[in-house]
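Novice: Here you go, sequence then predicted model.
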Amino acid sequence: MPPAEQLNNAFEFTVSELSQSLKRTVEDTYGHVRVRGEISGFRGAHSSGHCYFALKDESAKIEAVIWKGVHGRMRFKPQEGLEVIATGKLTTYPGSSKYQIVIEALEPAGIGALMALMEERKKKLAAEGLFDEARKQLLPWLPEVIGVVTSPTGAVIRDILHRLEDRFPRHVLVWPVKVQGEGSAEQVAAAIRGFNALPEGGKIPRPDVLIVARGGGSLEDLWSFNEEIVVRAAAESMIPLISAVGHETDITLIDFVSDKRAPTPTAAAEMAVPVRSELFVEVADLGRRTHAYWMRAHESRRNELRAAARALPSAGDLLAIPRQRLDSAGASLPRGLKANTHAHFRRFTAASSKLTLRVLHGQISQADHRLTVCGERLGLSTRSLLRQRRDRFAGLEVRLRASKLSNAQAQRNAIARQRERTHRLAERANRALVTLMQRLEARVENSGKLLSALSYRSVLARGFALVRDEAGHPLHAADAIGPGARLEIEFADGRVAATADADRPAPTTKRAPSRPKPEAETKPAPKRVAKPVDQGNLF
C-alpha cells in the first residue's frame, strides 16, 4: 500500500485526546519522584491558596505547583532562591501543553540551606524588634511555680527536677510536647501560650517563670525551635521565659527572643532558683548584723536622752510664769462677769421696746399684700403659659397632618417603583431562563453528536468490519485464528457468521482472549463534555 494511503488510514486524534493520552503516560511513568533544585519565581501563595513557582538548576527548569491543602500542612514553607528537595508526581497541563510537578512534600537541601534560611528569618524577626533587650523581662528572684515545656520521656526533665531539688524545691508544672519532628513547633508554641492563658488564682497555679528545654542534637533536630510560630509565641509570653535548647554551642532563634538563655537545661534550673542553704546562711548573718546594729543604735539613743535630760530646766522654773498668769486671770473674772451681764441686759431691753402690737399688725398686713400680689402674678403667668402651649400644639397638629399626607404619598411612590422593578426583574428572569434552556439543549445535542462520532459503529460505516470468535471476544491479529475456527463478522448493517480456511496453518502462539475489565476497575468517564477520555484501540 502506498505511504499516502497508509497515512490516510492512520487513526486521527483530537488535541484533547492526545493531551489526555500524554497526561496518563507521564503520570503512570513518573508517579512518584524526588527532585532537587532551586526555587525560582516564588511570589507567595496565590489568591486561591495554591503556590506556583519553578525548580531549576544550571541547565534546566521545571514548573511546580503546591495545592492549598498541602501548603497549609507543610512544616517547611517554600521561599525564593532556596535549594530544596521536592517529593511529588509529574503531570501535564493541557491548557498550555507543558509538564509540571505537583509537590506533596518539601525539605531543605542540606545544612547550608537551613543556615541560610535561619539567618534570613533572624534578620526578619530582628527588624520587627523581637530581639531588643528593652522588651526582655527580669526573672523572679524566688518563683513559687515553675512551668517546664519539654518532652516527658527524655532525660532533660529529670535533670531539671534533680537540680531544683538540690537547690530549692519548688512546685513544677510540666507541659509535655514533642521536641522534634512534624508538629513539634505547633505543640511548643501552644504550650507557651497555654501557660500564659492560665488565670491568676485558678485551680491550676499560673507559673512565675517558664523553661523551654531540649537536649542536644543536630541542626535538623533543633529546627522546631527556629520556627517562626515558636519565636513569636515566646515573644508574646507575659511570663519570664528561659530557653535551654541543646548544648552550649547550639544556637536557635528562641534563644534571641527569650528573657534569659541557659547553655544547658541544668543551668536553666540554676538560673530559676537560688541555693536554699546559702540563703539560710545569708539570712542568719543578716539577722546577727541587724541585732548588733539595733543594740548599738539603742545604746546611742539612751546616751542622747540622758544628755538631753541633763540640759532641761526644772519643772518649777517652767511653770512659774503660767501660774502667775492664771492667778491674775482668776482675780479679774468676777468683774468681767458682772460687766457682761449688764451689757446683755441693755441689749435685751432695747429689743423688747421695739416689739409692740402695732408693729406686728403692720408686718402682717405687708405679708398679706405680698401674698395677694404673688397670687395675681401666678394666675397671669399660668394663663399666658396655657395660651402658648395651646398655640404650639395647634402648630404641631398642622405640621403633623401635612407630614402624614406627604409620607403616605412617598410610600405610594415607593410601592409603585418597587412594583415596576419587580416586573422588570421577572422579564429578565424569563429571558435568562429561555437562554439557559437553549444553551442546555445545544449542549445535549453536541454531546449526542460527539457520542455518535466517537462510537466504533461510525468506523464500521466507513467500510471496516469487527471480527469476533465463538465466545464473542474481538480478534486483533490473524495469528490468533486457527484452521476451521468459527468467526462472527460485524458490519455496519448487521452480523455474518464465517469459518476460517481449513488449510490455514495453526497459530504459533495462543493468545488468551482479552477479558473486559471489571466495573470496579474501570475509571469513571469525566463529566465534562469538552474533554472526552481517550478512545483507545477500536478493537
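Specialist: Perfect, I can see it now. Since this is a predicted model, take the numbers as computed values, not measurements. Numbers count the residues shown, from 1 in each chain.
Novice: any idea where the helices of the stretch 151-300 of the chain begin and end?
Specialist: Counting by DSSP state H, counting those that start in this stretch, the stretch 151-300 of the chain has helices at residues 155-167, 184-197, 228-236, 253-257, 265-272, 276-311.
Novice: right, and those - which one's nearest Gly147?
Specialist: helix 184-197 (4.6 Å; CB to CB). Just so you know, the C-beta spots here come from the backbone N, C-alpha and C atoms, and that holds for glycine as well.
Novice: So for the closest one, what gets flagged as buried?
Specialist: 184-192, 195-196 (16 or more other CB atoms under 10 Å).
Novice: and the angle for that helix with helix 228-236?
Specialist: The directions of helix 184-197 and helix 228-236 differ by 20 degrees, with axes from the mean of the first three to the mean of the last three CA atoms, to 10 degrees as the criterion.
Novice: mean confidence for helix 184-197?
Specialist: Averaging pLDDT along helix 184-197 yields 93.
Novice: go on, stretch 482-499?
Specialist: With pLDDT averaged residue by residue, stretch 482-499 scores 86.
Novice: rewinding a little: for the buried residues of helix 184-197, work out which two are farthest apart.
Specialist: Taking CB to CB, the two most distant members of these are Ser184 and Asn196; they sit 19.2 Å apart.
Novice: can you list the weak-confidence ranges in the protein?
Specialist: Along the chain, segments meeting pLDDT under 70 span 1-11, 110-113, 502-539.
Novice: tell me the centre residue of it?
Specialist: The centroid of the chain falls nearest to Ile229 when counting by CA atoms, centre = their mean (10.7 Å).
Novice: Ala190 is in contact with that residue, correct?
Specialist: No. The criterion here is CB atoms under 8 Å, and Ile229 misses it with Ala190 at 9.2 Å.
Novice: Which residue, other than its chain neighbours, is closest to the residue nearest to the centre of the chain?
Specialist: Nearest in space to Ile229, with sequence neighbours left out and distances taken as CB to CB, 6 or more residues apart in numbering, is Ala189 at 4.6 Å.
Novice: Would you enumerate the residues in contact with the residue nearest to the centre of the chain?
Specialist: With contact taken as CB atoms under 8 Å, 6 or more residues apart in numbering, Ile229 is in contact with 185-186, 189.
Novice: between those, which is closest to Val398?
Specialist: Distance ranking of the contacts of Ile229 against Val398, using CB to CB, places Ala189 first at 71.3 Å.
Novice: I figured that closest one hits Ala235, correct?
Specialist: No. Under the criterion of CB under 8 Å, Ala189 is not in contact with Ala235, lying 10.8 Å apart.
Novice: Dump stretch 293-306 to PDB, restricted to CA.
Specialist: What follows is stretch 293-306 as a C-alpha-only set of coordinates in PDB (Å, rounded to 0.1, in the frame of the first residue of the first chain):
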ATOM      1  CA  TYR A 293      23.200  47.400 114.800                       C
ATOM      2  CA  TRP A 294      20.000  47.600 116.800                       C
ATOM      3  CA  MET A 295      21.800  47.300 120.100                       C
ATOM      4  CA  ARG A 296      24.400  49.900 119.100                       C
ATOM      5  CA  ALA A 297      21.600  52.300 118.000                       C
ATOM      6  CA  HIS A 298      19.600  51.700 121.200                       C
ATOM      7  CA  GLU A 299      22.600  52.500 123.400                       C
ATOM      8  CA  SER A 300      23.300  55.600 121.300                       C
ATOM      9  CA  ARG A 301      19.700  56.800 121.700                       C
ATOM     10  CA  ARG A 302      19.900  56.200 125.500                       C
ATOM     11  CA  ASN A 303      23.000  58.300 125.900                       C
ATOM     12  CA  GLU A 304      21.500  61.100 123.800                       C
ATOM     13  CA  LEU A 305      18.400  61.000 126.000                       C
ATOM     14  CA  ARG A 306      20.400  61.200 129.200                       C
END
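Novice: how many other residues sit next to Trp294?
Specialist: For Trp294, the neighbour count with other CB atoms under 10 Å is 10.
Novice: Just want to check the distance between it and Gln366.
Specialist: Noted for Trp294: a distance of 81 Å to Gln366, by CB to CB, to the nearest Å.
Novice: Helix, strand, or coil at Gln137?
Specialist: Judged by DSSP: H, G, I helix; E, B strand; the rest coil, the three-state class of Gln137 is coil.
Novice: Check the burial of it by counting its neighbours.
Specialist: For Gln137, the neighbour count with other CB under 10 Å is 14.
Novice: now swap in Lys338 and tell me
Specialist: Neighbours of Lys338 (other CB under 10 Å): 9.
Novice: try the one 5 residues further on
Specialist: Using other CB under 10 Å, the number of residues around Ala343 comes to 10.
Novice: now do the one 5 residues further on
Specialist: Counted with other CB under 10 Å, the neighbours of Phe348 add up to 10.
Novice: hang on, it is in a helix, isn't it?
Specialist: Yes. Under three-state DSSP, Phe348 falls within a helix.
Novice: Please report the distance of it from Leu355.
Specialist: Relative to Leu355, Phe348 is positioned 11 Å away (CB to CB).
Novice: could the contacts of Ile229 go into JSON lines alongside distance to Ala453?
Specialist: Shown next, in JSON lines, are the contacts of Ile229 (distance: CB to CB, whole Å):
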{"residue": "Ala185", "distance to Ala453": "57"}
{"residue": "Glu186", "distance to Ala453": "55"}
{"residue": "Ala189", "distance to Ala453": "60"}
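Novice: residue boundaries of the strands in the stretch 51-200 of the chain?
Specialist: Using DSSP state E, counting those that start in this stretch, the strands of the stretch 51-200 of the chain run over 51-56, 61-66, 83-93, 98-108, 145-150, 171-176.
Novice: got the CA positions of the last one in CSV?
Specialist: Extracted as CSV, the C-alpha positions of strand 171-176 are listed here (Å, rounded to 0.1, in the frame of the first residue of the first chain):
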residue,chain,number,x,y,z
HIS,A,171,6.2,23.5,92.6
VAL,A,172,6.9,22.4,88.9
LEU,A,173,4.3,22.1,86.1
VAL,A,174,5.3,20.1,83.1
TRP,A,175,3.6,20.6,79.7
PRO,A,176,4.5,17.5,77.7
